Structures are given as C-alpha cells and as structure tokens.
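In: Below: sequence and its predicted model.
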Amino acid sequence: MRSLSHFNWPFFTDRHRHFAAELAAWANREVARHIDLTDVDRTCRALVRALGEAGWLMAVVPASHGGLSKNLDVRTLCSAREILAWNEGLADFAFAMQGLGTGPISLFGTEEVKAKYLPPVREGRHIAAFALSEPEAGSDVGALATTATMDGPAHVRLNGLKTWISNGGIADHYVVFARTGTAPGKKGLSAFVVDADAPGLSVADRIDVIAPHPLATLRFDDCRVPLANRLGAPGDGFKVAMATLDIFRSTVGAAALGLARRAFDEATTRSATRKLFGASLADFQMTKAALADCAIEIDAAALLVYRAAWTKDAGAPRITREASIAKAFATEMAQRVVDRAVQIFGGNGVRHGVKVEALYREIRALRIYEGATEVQKLIIADDLLKAHAKTEAAGEARRSERT
Ligand code: COS
C-alpha cells in the first residue's frame, strides 16, 4: 500500500499500526508469486498456506486458540483486508474466508469444536467456508430450506442445496445453516460445522464469475453430522449468522476501501504522467475534480468503516447499523472510484492485464455479497425506526407518569 498514514487516525493503536506496516511489507514481497489466474483453486490454497505460515491468520481466531486478541479484533481484520485487497483481490479473499468460515465457531463453538477447527485454519493448513445462501434464500435468510433432522441421539442428517459458497470445492469444512425445528422463518434455524469429506456432501456445480475465485453449489444428501458440531443453541442459527455478519460486513467495507485506494493510486499516477493536448492529464480541471471526489469519498468511507470496527472492539454487543452503513457506503463508493480510475486510463482501463480493469471486475460483487446494498438499507432503516419507536414509547411513559 502506497501510504499507511490513515492508520495514524485515533481509531487505531500502535499495535494496529505495527500490524499494518508489517503486513503491507509482507504483501508487497510475497503475494504476487502465488498468483496464477489460470488456476484460482491452486492460487487460493497457496495464499492460505502462505498467510498461515507467516502468522497473519492469527488475526482470524481468538487468543484462546492461538490468535492475536482475546476476541476477534475487527480493526485488525479490517486493516488486513484493506491492505491485502490493495495488493490483490484473491489475497483478500483467501484471508477473509478463513475469517468468515470460522467466525461462527469462534463466537459460538464449544471448546471441543474450537480446539478441533481453529488451529488448522490459523496455520493455513485447512480452508474454511460459510454456507448460508440457497437458490431460494439469499437476502431472505428466513426462507432457508435445507433441513437438519435428528438421526439417533447424537447426529443430524442434512438435506438440501447451498449456493454461492466461496471456497466451495476447496474448503476443508463448511459452517452450514439449516432448518432444525418446526418454528417458521428465521426462528427454526441452527448452524453446524460440516467436514468437507462428510459422506453425502458433494459439489453440485462450480460457478464462474467475472472476478474468478473458488465458488460452488453444494448438495447435502442425507449428510450425517455429529450434533456436537452444532454452533449455539438449537434455533439460534439466525443469530449465529447475523452476529458473524455484524463483524464481517465491516470488513467487506474495508476490502472495498483497499480496492478504492489502489484504483485511486493508479489513477493519480496515470493523471500525473499521461500527456495530452500539450499538458498532463492532471492539469485538466475535470481530472482534478475526479481525483478530489475520490479523495473525499475514500476518507468518508474510511471513517465509517473504522467507526464500525472501533465500536465493536470497544465492547458494543451489536454494531448492526454501523456495520451496514460502513458496508453500503464503502462498497458503493469503491465502485464509483474504480469507475473513475478506468475513465482516467481511457482505453487501457478496460484492457486485460491493466490493474484498474481487474479492480473494475473485483469490486462489483462486494456490493452484493454478505447482504446487498438494498438489504443494508433495509437493516439501517429498520434499526433507526426501532430506535425511534423506543424513544417515543419512553417519552409516552414519562408523560403518563406525570399525569
Ligand atoms: N446479532 C445477534 N442477534 C441478532 C443480530 C445480530 N447482529 N441481528 C438480528 N439478531 C436477532 C434479533 O435480536 C432477533 O432476535 P429475537 O427474535 O430474539 O428478537 C432475531 O435475530 C431477528 O432479528 P430481526 O427481526 O432484526 O431480523 P430481520 O428479519 O429484520 O432481518 C435481514 C432480516 C434482511 C436483515 C436479514 O435476513 C439479513 O441480514 N439478510 C441478508 C443476509 C445476507 O447477508 N445474505 C448474504 C449471504 S451471506 S454471504
């Protein structure tokens, strides 16, 4: 990353600054040699191994299992994603999925489950994945149709399809959300850790997308899973998913920030060096305005992302509104910044092999996954309306006490 000066902002401590400086130096040195875009599976396996061996995946597990902090430190996760995304989208992906695929285990797993699944992920020996979405249940988590039915006293059997599963096909375990009770909608869900080699679990389809990464549809066909692998209480699956997303949605904002900063750096260099009409591109007021808009929006997004991360690290039990605001703003902002960078590059901006062209493809999915921008807006509005109703009710109660 070209400048790390934003880590001097008061949201961060010296520990974060040190982490950011070390990771940025490592990423500049190490990431490129693992990238082979003709084989994303191999690339992601190699990146996970390299990240684990260098100790960076300690950020995705709690200190009790060899991690950096007592609880997951959201500022560290955000710094890592921002730096890695600046460097290479797949490096961010490899890091982020180790976090998302173990977040529910760190937050809700029993000691036995944590001890079994967290260390190999931290060391980069195992690959993690998070399996929530289904063909008919993406944004609408309460519509999940995959079932987990009791099979004897100590097992469940999973049946159903999961789709858009990142690391699908290369993961060693999946955190799978399924319907366990008769309760309707989001009330009857539970979460389970499922080993990739569990009989009855297969990859139904690999999905090819504009910024390729390992992605698949999974089929569960009477897949037998120990009940001991359940995360949280029966019926708590929705809360397990949402509490995990509370943490990781801020980090999606951070990844978007990294992509935007890279696009901005590329655009700035290009503007300063490209000559036309006897001047530099940067001499034109329209270019200056575009660069200034990028700078303003990047700083605004950074403040929102770091605010969400800091709030969680300061002990807030939930940061649903802050995380949704950060994700929605940062991902939409990054799309605009990358688009301006492509424009500044002219024809080269859409040429394969030019960095901004890759950024243009990489940013698009972040506005959709882990809750599309439209879903984030619903969450934000519902949350503020709930707060408004609470304030009104409290005011009403005070008034009726006085009369
Ligand atoms: N932490 C802990 N508990 C949470 C929580 C969180 N962050 N968010 C919600 N809950 C709890 C609530 O407290 C509530 O519990 P009670 O029933 O005990 O009161 C319960 O979960 C339901 O919460 P709520 O009514 O607020 O949920 P909604 O139905 O309004 O949520 C949305 C609907 C759209 C917000 C939700 O389904 C969502 O986030 N969808 C997008 C999912 C997504 O990101 N999909 C992409 C796939 S993941 S890559």
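Out: Sure, I can see it.
In: residues touching the closest residue to the ligand within the stretch 1-150 of the chain, list them.
Out: Nearest residue of the stretch 1-150 of the chain to the ligand: Val141, at 4.0 Å (Cβ to the nearest ligand atom). C-betas here are computed from N, CA, C, even on glycine. Val141 is in contact with Leu132, Phe177, Lys186, Leu189, Phe238, Ala241, counting by Cβ atoms under 8 Å, 6 or more residues apart in numbering.
In: which residue does the stretch 151-300 of the chain bring closest to the ligand?
Out: Across the stretch 151-300 of the chain, the shortest distance to the ligand (Cβ to the nearest ligand atom) belongs to Met242, at 3.4 Å.
In: Just after the strand or helix carrying that residue, pick out the following helix or strand.
Out: For Met242, the host element (DSSP states H and E) is helix 237-273. Remark: after helix 237-273, the chain's next helix or strand is strand 275-276, criterion DSSP H and E.
In: for the chain, what spans make up the strands?
Out: Along the chain, counting by DSSP state E, strands occupy 128-131, 147-150, 155-166, 173-179, 189-195, 201-206, 215-226, 230-231, 275-276, 279-280.
In: export the contacts of Val141 to CSV and tack on pLDDT and distance to Ala308?
Out: Putting the contacts of Val141 into CSV (pLDDT from 0 to 100; distance: Cβ to Cβ, whole Å) gives the following:
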residue, pLDDT, distance to Ala308
Leu132, 98, 21
Phe177, 98, 23
Lys186, 93, 23
Leu189, 96, 25
Phe238, 97, 21
Ala241, 97, 18
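In: what sits against the residue most central in space within the chain?
Out: Among the residues of the chain, the one closest to the centroid is Val252, at 4.2 Å (Cα atoms, centre = their mean). Residues in contact with Val252 (Cβ under 8 Å, 6+ apart) are Arg81, Ala96, Lys327, Ala330, Thr331, Leu366, Tyr369, Glu370.
In: Counting neighbours, which of those residues comes out on top?
Out: Lys327 (34 neighbours; other Cβ atoms under 10 Å).
In: wait, doesn't it sit right on Ala254?
Out: No. Applying Cβ atoms under 8 Å, one finds Lys327 not in contact with Ala254, separated by 9.4 Å.
In: Kindly report the residues of the stretch 301-403 of the chain close to the ligand.
Out: Arg318, Thr320, Tyr369, Glu370, Gly371, Val375, Leu378, Ile379, Asp382 (Cβ under 6 Å from any ligand atom).
In: and the fifth one, what does it touch?
Out: For Gly371, the contacting residues are Ser139, Leu245, Arg249, Ser324, Lys327, Ile379, taking Cβ under 8 Å, 6+ apart as the criterion.
In: Among the residues you listed, name the buried ones.
Out: Leu245, Arg249, Ser324, Lys327, Ile379 (16 or more other Cβ atoms under 10 Å).
In: Touching, the last one and Glu322? I think so.
Out: No. The pair Ile379 / Glu322 is not scored as a contact, 10.7 Å apart, by Cβ under 8 Å.
In: Would you convert the strands of the chain into TSV that also reports distance to Leu72?
Out: Shown next, in TSV, are the strands of the chain (distance: least, Cβ to Cβ, whole Å):
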stretch	distance to Leu72
strand 128-131	14
strand 147-150	26
strand 155-166	19
strand 173-179	15
strand 189-195	17
strand 201-206	27
strand 215-226	24
strand 230-231	15
strand 275-276	48
strand 279-280	45
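In: Kindly reformat these as TSV containing mean neighbour count.
Out: Converted to TSV, the strands of the chain look like this (neighbours: other Cβ atoms under 10 Å):
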stretch	mean neighbour count
strand 128-131	28
strand 147-150	17
strand 155-166	21
strand 173-179	27
strand 189-195	24
strand 201-206	15
strand 215-226	20
strand 230-231	24
strand 275-276	10
strand 279-280	12
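In: for those strands, which one sits closest to Asn71?
Out: With Cβ to Cβ as the criterion, Asn71 lies closest to strand 230-231 of the strands of the chain, at 16.2 Å.
In: and the closest one with the ligand, contact?
Out: No. Against the ligand, strand 230-231 shows no contacts by Cβ under 6 Å from any ligand atom, the least distance being 13.1 Å.
In: who touches that strand?
Out: Strand 230-231 is contacted from outside by 104-105, 107-109, 113, 156, 175, 190-193, 240, using Cβ under 8 Å, 6+ apart.
In: please redo it, this time with the cut-off set to 7 Å
Out: Residues from elsewhere that reach strand 230-231, judged by Cβ atoms under 7 Å, 6 or more residues apart in numbering: Pro104, Ile105, Phe108, Gly109, Val175, Ser190, Ala191, Phe192, Val193, Val240.
In: where's that strand relative to the chain centroid, distance-wise?
Out: Computed by Cα atoms, centre = their mean, to the nearest Å, the chain-centroid distance of strand 230-231 equals 21 Å.
In: as a whole number, average confidence for that strand?
Out: In this model, strand 230-231 has a mean pLDDT of 98.
In: And stretch 293-303, by the same measure?
Out: 98.
In: and that stretch, how far out from the chain's middle?
Out: Using Cα atoms, centre = their mean, the offset of stretch 293-303 from its chain centre is 20 Å.
In: Check which residues of it are buried.
Out: Cys294, Glu297, Ile298, Ala301, Ala302.
In: What is the nearest of the residues you listed to Asp339?
Out: Distance to Asp339 across those (Cβ to Cβ) is lowest for Cys294, with 10.2 Å.
In: thought the closest one was touching Glu266?
Out: No. Applying Cβ atoms under 7 Å, one finds Cys294 not in contact with Glu266, separated by 10.8 Å.
In: Go through the contacts of Val252 and say which is closest to Ala211.
Out: Nearest to Ala211 among the contacts of Val252: Leu366, at 9.7 Å, using Cβ to Cβ.
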